[in-house]
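Trainee: Below is the structure, and that's it, no one-letter string:
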């Protein structure tokens, strides 16, 4: 009786894993998301601020000593 219960559980798990494998094979790795113009401009603004030259930025703590 106990073996039958274990077998049922294992069969269900096997079926679930088979479905997962099929799903992975049928879905693309990356999905392209269409962005609105405002999102694109926000992205470009973010990237430009990230890649700004460090000389352009003011020091975060101007009075702190560089050697701690």
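Mentor: Done, it's in. As the structure is a prediction and not an experimental result, all values here were calculated from the model. Numbers count the residues shown, from 1 in each chain.

Trainee: Where does pLDDT dip in this structure?
Mentor: 23-40, 42, 45, 47, 49-62, 64-66, 68 (pLDDT under 70).

Trainee: run the last query once more with 80
Mentor: Low-confidence segments of the chain (pLDDT under 80): 1, 20-68.

Trainee: Looking at it, which helix is longest?
Mentor: helix 2-26 (DSSP state H).

Trainee: in that helix, what's buried?
Mentor: Buried residues in helix 2-26, counting neighbours by 16 or more other C-beta atoms under 10 Å, are absent. (C-beta placed from N, C-alpha, C; glycine too.)

Trainee: who's in contact with that helix?
Mentor: The contact list for helix 2-26 (C-beta atoms under 8 Å, 6 or more residues apart in numbering) is empty.

Trainee: switch to numbering from 517
Mentor: Fine by me, first position is 517 from now on; the one you just mentioned is helix 518-542.
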